[in-house]
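[1] below: sequence and its predicted model.
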Amino acid sequence: MESLAQLEALCERLYNSQDSAERAHAENTLKCFSVNTDYISQCQYILDNASTPYSLMLASSSLLKQVTDHSLSLQLRLDIRNYLINYLATRGPLPHFVNASLILLLCRVTKFGWFDDDRFREVVKEATDFLSQASSDHYEIGLKILNQLVSEMNQPNTGLPPTHHRRVACSFRDQSLFQIFQISLTSLSQLKNDVTGRLQELALSLSLKCLSFDFVGTSIDESSEEFGTIQIPSSWRSVLEDPSTLQIFFDYYAITTSPCSKEALECLVRLASARRSLFINDAARSKFLAHLMTGTKEILQTGRGLADHDNYHEYCRLLGRFRVNYQLSELVNVEGYSDWIQLVAEFTLKSLQSWQWASSSVYYLLGLWSRLVTSVPYLKGEAPSLLDEFVPKITEGFITSRFNSVQAGFADDDDPLDNVELLQDQLDCFPYLCRFQYQTSSLYIITTMEPILQAYTERARLQTADNSELAVIEAKLSWIVHIIAAILKIKQSTGCSMESQEVLDAELSARVLQLINVTDSGIHSQRYGELSKQRLDRAILTFFQHFRKSYVGDQAVHSSKQLYARLSELLGLGDHLLLLNVIVSKIATNLKCYTESEEVINHTLSLFLELASGYMTGKLLLKLDAIKFIVANHTKEHFPFLEEYRSSRSRTTFYYTIGWLIFMEDSPVKFKSSMEPLLQVFVRLESTPDSMFRTDAVKYALIGLMRDLRGIAMATNSRRTYGLLFDWMYPAHMPVLLKGISHWTDTPEVTTPLLKFTAEFVLNKAQRLTFDSSSPNGILLFREVSKLIVAYGTRILSLPNVADIYGYKYKGIWICLTILSRALAGNYVNFGVFELYGDRALSDVLDIALKMTLSIPLADILAFRKLTRAYFAFLEVLFSSHIVFILNMDTNTFMHIVGSLESGLKGLDTNISSQCASAVDNLAAFYFNNITIGEPPTSPAAINLARHIADCPNLFPEVRQTILYYSTPP
């Protein structure tokens with residue numbers, strides 16, 4: 001670099017240029033600062049002398065990468081640490097992003113050196129020195145250092161093994177975290193009058209980070225709304241039992257606005273989740289609970305801050321914590337419980353009415369109420385729970401609010417009926433409220449539903465109808481059906497006799513079954529393209545899924561007499577078989593009538609598979625005429641969705657289900673007759689000349705056939721059923737697969753389903769690929785697989801790379817590696833036969849597999865998760881069963897393979913690191929068994945290994961060091 005000015009200009013281009021080529025050139029030129037350790041002193045020079053923030057940012061981020069990726073000497077790391085503390089203390093105000101980067105660097109150096117020298121652990125004391133300075137800028141830097149330090153200690157780093165990270169985090173928790181939490185509380189007390197709010201936010205953030213620390217190494221998913229009980233250490237007890245700790249956060253909520261007020265509530269959420277055993281006795285815990293209830297009650301009485309959406313949501317989460325950590329018996333004994341529960345009930349009703357604003361927050365409130373009502377049977381003592389008064393109002397309020405939301409209307413992409421997760425959240429808790437006073441709730445649901453059902457029935461008879469009016473009716477019916485389905489899902493709850501609950505379940509189910517008679521009749525049979533109709537049919541499918549689990553099949557044969565007696569009176573459905581017939585008829589109707597809605601088709605097939613794969617329900621299905629028809633006529637003429645390319649993925653599930661039903665009966669004749677539609681496709685493809693094989697008709701026929709066959713193959717779970725499919729496929733139809741892969745190599749839409757079918761076909765699950773001792777089938781199958789992979793590999797490697805290289809090349813390659821791994825490890829081929837008889841099937845396929853893996857940069861292998869898994873699974877099999885092939889490679893290739901194992905050992909995925917360790921173990925075993933026995937190696941493989949080690953004597957020491965470093969127990 002000729003001058004500092006030139007570097008500053010390059011940094012400006014790197015961070016600010018709109019021209020991608022200019023940015024790439026700057027990045028390439030400046031890369032040396034982050035990869036070459038000789039440039040560390042240059043980074044210091046830049047920090048001391050550069051005037052532009054982008055140059056400072058370059059120096060800081062480069063040092064961060066150096067510290068993370070390289071093993072720097074202890075003295076150098078101490079020098080960097082001391083320099084940074086001095087730099088932050090003496091350098092004037094810096095841009096926020098530069099400050100943040102320098103502080104992150106300081107904390108990273110501290111974490112990586114935590115066990116190397118005691119001076120690294122003095123960072124808390126040095127941050128406290130910043131807090132004692134007169135200037136608010138220094139105070140801010142001190143708080144930022146502590147914030148970043150807690151964050152850094154709490155999250156794993158790519159350059160640090162998970163076990164080492166955990167050891168550092170535990171040591172930091174025991175030695176420094178409590179002190180930092182106390183500093184945050186002291187800062188909050190001192191900063192109550194801070195006008196700008198900047199320091200208040202940092203102090204609150206610090207408290208929150210301390211309370212959110214992963215105390216016991218459970219790797220809490222902070223994106224999850226439910227994080228359970230927080231295992232705060234016992235040494236914190238005195239501070240948590242001190243009333244001023246809770247009060248400071250309630251005070252901050254009152255005196256600040258969002259985001260500070262939201263963070264204060266988040267701290268309270270964490271404190272409310274503290275483990276029960278933290279408190280010295282029940283009296284201390286009750287006092288803590290009373291303080292929480294008083295604080296939340298005051299917020300409800302004043303309504304302060306709840307107009308802000310973030311505060312509102314966080315406050316709902318705080319109320320939700322009462323259900324996780326406290327029993328109803330504890331709540332009712334707190335003074336002021338009756339006022340508190342009344343205010344919470346009013347707040348819940350108001351939240352339900354404000355459905356547009358509070359839809360994502362209602363979950364926590366419903367969760368609280370569901371926990372309260374399920375605790376009623378265990379409530380002892382005289383204190384009243386008052387739930388009888390409030391729960392029915394909340395039940396009705398919820399249903400009314402759903403109807404109001406329908407009436408107001410949603411944009412098509414924003415309807416909660418389409419958001420499966422939100423729907424699940426809301427309906428997980430609500431059924432417990434309904435079953436709390438089931439007689440009242442069910443009567444309300446029935447009286448609400450009947451006029452809507454009547455209106456829907458009347459519209460079916462009309463020649464034309466108002467689509468918008470029908471959409472509203474269907475949306476209301478969808479909500480009611482979802483609610484009834486959710487109630488059936490939990491089947492029963494305590495506090496009410498099972499017989500009476502079954503009768504009420506029958507009453508509700510009868511209304512849904514009546515609705516099913518209407519949905520596909522009259523004008524409704526012309527509305528399959530309407531979203532509201534699709535939502536209603538998906539709600540009905542959900543109802544069937546929950547009804548089946550509770551009242552049909554294996555566990556429910558003799559335990560649902562009351563329900564079927566009542567259904568027989570109402571609808572004439574007196575047993576499982578009649579009801580299954582209704583379900584199957586709906587499945588068949590959906591598969592015939594829906595051609596464009598992937599969601600409905602997938603949901604229908606999911607239900608169909610559940611029915612077929614249940615032992616009892618599967619046997620019952622075979623008695624139904626509708627099922628016999630489906631098994632015999634699974635063609636696009638009867639099921640148009642099979643012709644839709646967008647639904648081609650659904651074909652695998654459809655044929656998986658068909659396969660279950662075919663193989664349930666031990667009948668080769670039935671198997672052959674059921675496979676007739678697929679046989680016709682094979683015949684057409686076999687008769688197509690090569691010159692016509694690249695047409696769209698062939699393409700879509702091949703894609704569909706491979707997806708169908710994969711489904712059938714997935715359903716073969718025994719030697720008998722697999723034998724039926726194998727004899728049907730081999731040798732007659734295997735040439736079509738080879739022809740398909742040869743002609744369509746450059747089209748992943750074709751090769752992916754074809755290779756995935758092959759991967760399923762060679763998988764020896766449940767020992768299904770067990771041939772007779774005199775049968776050559778295992779060897780013959782492997783030869784076909786070898787031809788297929790060699791044909792694909794030789795062609796794909798000759799094709800140029802494209803922008804989407806994963807979809808175009810890598811995906812096919814990882815599926816090939818999976819096929820080969822499964823075939824090599826399937827234990828149905830004697831691989832010695834190939835060399836004995838001069839058959840190159842094994843050596844050719846291993847050669848092409850190696851070429852495919854070497855064509856992918858290691859960085860790309862590690863970047864794509866599925867590719868990573870397939871690659872390391874393949875290496876494990878090679879090192880386990882075909883190590884001679886590995887050892888016969890040239891030294892560079894051998895070292896590349898072993899180097900990739902080292903990268904796998906460093907990864908965070910334990911399955912992959914275990915596979916790599918197994919591969920290294922097999923290599924080491926071969927070495928000790930063949931080279932260290934005191935005699936010169938004699939076999940060619942042993943001689944090759946000796947040569948590799950002579951060329952690279954550090955091979956084993958480096959790998960051993962990696963294994964020891966990355967597997968040290970915490």
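    Structure's in. What do you need?
[2] residue ranges in the stretch 451-600 of the chain under the pLDDT threshold?
    For the stretch 451-600 of the chain, the stretches flagged by pLDDT under 70 are 492-497, 553-558.
[3] sorry, wrong one. I was asking about the chain.
    1-2, 134, 195, 218-227, 409-414, 492-497, 553-558, 908, 933-934, 965-970.
[4] residue ranges for the strands of the stretch 51-200 of the chain, please.
    With DSSP state E, counting those that start in this stretch as the criterion, the stretch 51-200 of the chain has no strands.
[5] the helices in it, which residues?
    Applying DSSP state H, counting those that start in this stretch to the stretch 51-200 of the chain gives helices spanning 53-69, 74-90, 96-112, 123-131, 136-154, 162-172, 178-190, 198-211.
[6] nearest to Pro953, out of those?
    Among the helices of the stretch 51-200 of the chain, the nearest to Pro953 by CB to CB is helix 53-69 (24.7 Å). Yep, even glycine has a C-beta here, placed from its N, CA and C like the rest.
[7] C-alpha coordinates for the closest one, CSV please?
    Only the C-alpha atoms of helix 53-69 are listed here, as CSV (Å, rounded to 0.1, in the frame of the first residue of the first chain):
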residue,chain,number,x,y,z
PRO,A,53,-14.3,5.8,10.0
TYR,A,54,-14.2,3.2,7.1
SER,A,55,-10.5,2.7,7.5
LEU,A,56,-10.9,2.2,11.3
MET,A,57,-13.7,-0.2,10.5
LEU,A,58,-11.4,-2.2,8.2
ALA,A,59,-8.6,-2.4,10.8
SER,A,60,-11.0,-3.5,13.5
SER,A,61,-12.9,-6.1,11.5
SER,A,62,-9.6,-7.5,10.1
LEU,A,63,-8.2,-7.9,13.6
LEU,A,64,-11.5,-9.6,14.7
LYS,A,65,-11.1,-12.1,11.9
GLN,A,66,-7.4,-12.7,12.7
VAL,A,67,-8.2,-13.3,16.4
THR,A,68,-11.1,-15.7,15.5
ASP,A,69,-9.5,-17.7,12.7
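[8] list the contacts of Asp48.
    For Asp48, no contacting residues are found, by CB atoms under 8 Å, 6 or more residues apart in numbering.
[9] cool, Arg707 as well?
    Neighbours of Arg707 in contact, by CB under 8 Å, 6+ apart: Ser648, Arg649, Arg651, Thr652, Tyr655, Pro753, Phe757.
[10] TSV for the helices of the stretch 51-200 of the chain, including distance to Ser360 and mean neighbour count?
    Shown next, in TSV, are the helices of the stretch 51-200 of the chain (distance: least, CB to CB, whole Å; neighbours: other CB atoms under 10 Å):
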stretch	distance to Ser360	mean neighbour count
helix 53-69	36	22
helix 74-90	40	16
helix 96-112	30	21
helix 123-131	37	18
helix 136-154	26	22
helix 162-172	32	19
helix 178-190	29	18
helix 198-211	21	23
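[11] can you list those in JSON lines and add distance to Leu423?
    As requested, these are exported to JSON lines (distance: least, CB to CB, whole Å):
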{"stretch": "helix 53-69", "distance to Leu423": "42"}
{"stretch": "helix 74-90", "distance to Leu423": "50"}
{"stretch": "helix 96-112", "distance to Leu423": "40"}
{"stretch": "helix 123-131", "distance to Leu423": "47"}
{"stretch": "helix 136-154", "distance to Leu423": "33"}
{"stretch": "helix 162-172", "distance to Leu423": "36"}
{"stretch": "helix 178-190", "distance to Leu423": "39"}
{"stretch": "helix 198-211", "distance to Leu423": "31"}
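[12] what about those, which gets the closest to Thr868?
    Proximity to Thr868 (CB to CB) singles out helix 162-172 among those, at 16.7 Å.
[13] what's the angle from that closest one to helix 123-131?
    50 degrees (axes from the mean of the first three to the mean of the last three CA atoms, to 10 degrees).
[14] centre of the chain to stretch 469-487, how far?
    Mean-position distance between stretch 469-487 and its chain equals 29 Å (CA atoms, centre = their mean, to the nearest Å).
[15] buried stuff in that stretch?
    470-487 (16 or more other CB atoms under 10 Å).
[16] check stretch 875-884 too.
    In stretch 875-884, counting by 16+ other CB under 10 Å, buried: Leu875, Glu876, Val877, Leu878, Phe879, Ile883, Val884.
[17] now the second one, nearest residue through space, not along the chain?
    The shortest distance from Glu876 to any residue that is not its chain neighbour, by CB to CB, 6 or more residues apart in numbering, is 4.2 Å, and that residue is Gln915.
[18] swap in the fifth one?
    The spatial neighbour of Phe879 that comes closest, neighbours along the chain excluded (CB to CB, 6+ apart), is Ala919 at 3.8 Å.
[19] that neighbour and Leu901 touch, don't they?
    Yes. Counting by CB atoms under 8 Å, Ala919 does reach Leu901; the two are 5.5 Å apart.
[20] give the residues shared as contacts by these two.
    Joint contacts of Ala919 and Leu901 (CB under 8 Å, 6+ apart) are Phe872, Leu875.
[21] which residues sit against stretch 277-284?
    Residues outside stretch 277-284 that contact it (CB under 8 Å, 6+ apart) are Ile232, Ser234, Trp236, Arg237, Leu240, Glu241, Arg285, Phe288.
[22] let's see it at 7 Å
    Ile232, Ser234, Arg237, Leu240, Glu241, Arg285, Phe288 (CB atoms under 7 Å, 6 or more residues apart in numbering).
[23] cool, and stretch 388-400?
    Here stretch 388-400 makes contact (CB under 7 Å, 6+ apart) with 341, 345, 348-349, 352, 369, 373, 430, 433-434, 436-437, 440-441, 444, 448, 483.
[24] pretty sure Gln534 is touching Ser597, no?
    Yes. Assessed by CB atoms under 7 Å, Gln534 is found in contact with Ser597 at 5.0 Å.
[25] in helices only, show me the buried residues of stretch 469-487.
    Counting by DSSP state H, the buried residues of stretch 469-487 place 470-487 in helices.
[26] redo the contacts of Arg707 as TSV? Include secondary structure.
    Putting the contacts of Arg707 into TSV (DSSP: H, G, I helix; E, B strand; the rest coil) gives the following:
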residue	secondary structure
Ser648	helix
Arg649	helix
Arg651	helix
Thr652	helix
Tyr655	helix
Pro753	helix
Phe757	helix
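[27] how much space separates Ser34 from Ala100?
    Distance, Ser34 to Ala100, using CB to CB, to the nearest Å: 18 Å.
[28] cool, and Met734?
    61 Å.
[29] ditto for Leu621
    In this view, Leu621 and Ala100 are 62 Å apart by CB to CB.
[30] check Val344 too.
    Taking CB to CB, one finds Val344 at 40 Å from Ala100.
[31] and what of His309?
    27 Å.
[32] ok, Val109 next?
    Distance of Val109 to Ala100, computed by CB to CB: 15 Å.
[33] next one: Val269
    For Val269, the distance to Ala100 (CB to CB) stands at 26 Å.
[34] repeat that for Phe390.
    48 Å.
[35] likewise for Thr447?
    60 Å.
[36] again, but for Tyr810
    Remark: distance between Tyr810 and Ala100 (CB to CB) = 36 Å.
[37] next one: Gly711
    Taken as CB to CB, the span from Gly711 to Ala100 is 52 Å.
[38] pull the number of nearby residues for the residue lying closest to Leu76 once chain neighbours are set aside.
    Excluding the flanking residues, the one nearest Leu76 by CB to CB, 6+ apart is Ile40, at 7.0 Å. Residue neighbour count, defined by other CB atoms under 10 Å, stands at 20 for Ile40.
[39] swap in Val344?
    The burial count for Val344: 22, using other CB under 10 Å.
[40] same question for Ile949.
    Neighbours of Ile949 using other CB under 10 Å come to 16.
[41] isn't it up against Leu955?
    Yes. Counting by CB under 7 Å, Ile949 does reach Leu955; the two are 5.8 Å apart.
[42] that older thread, helix or strand right after whatever helix or strand the residue nearest to Phe879 lives in?
    Counting by DSSP states H and E, the element that carries Ala919 is helix 910-930. Next along the chain after helix 910-930, taking DSSP H and E as the criterion, comes helix 940-951.
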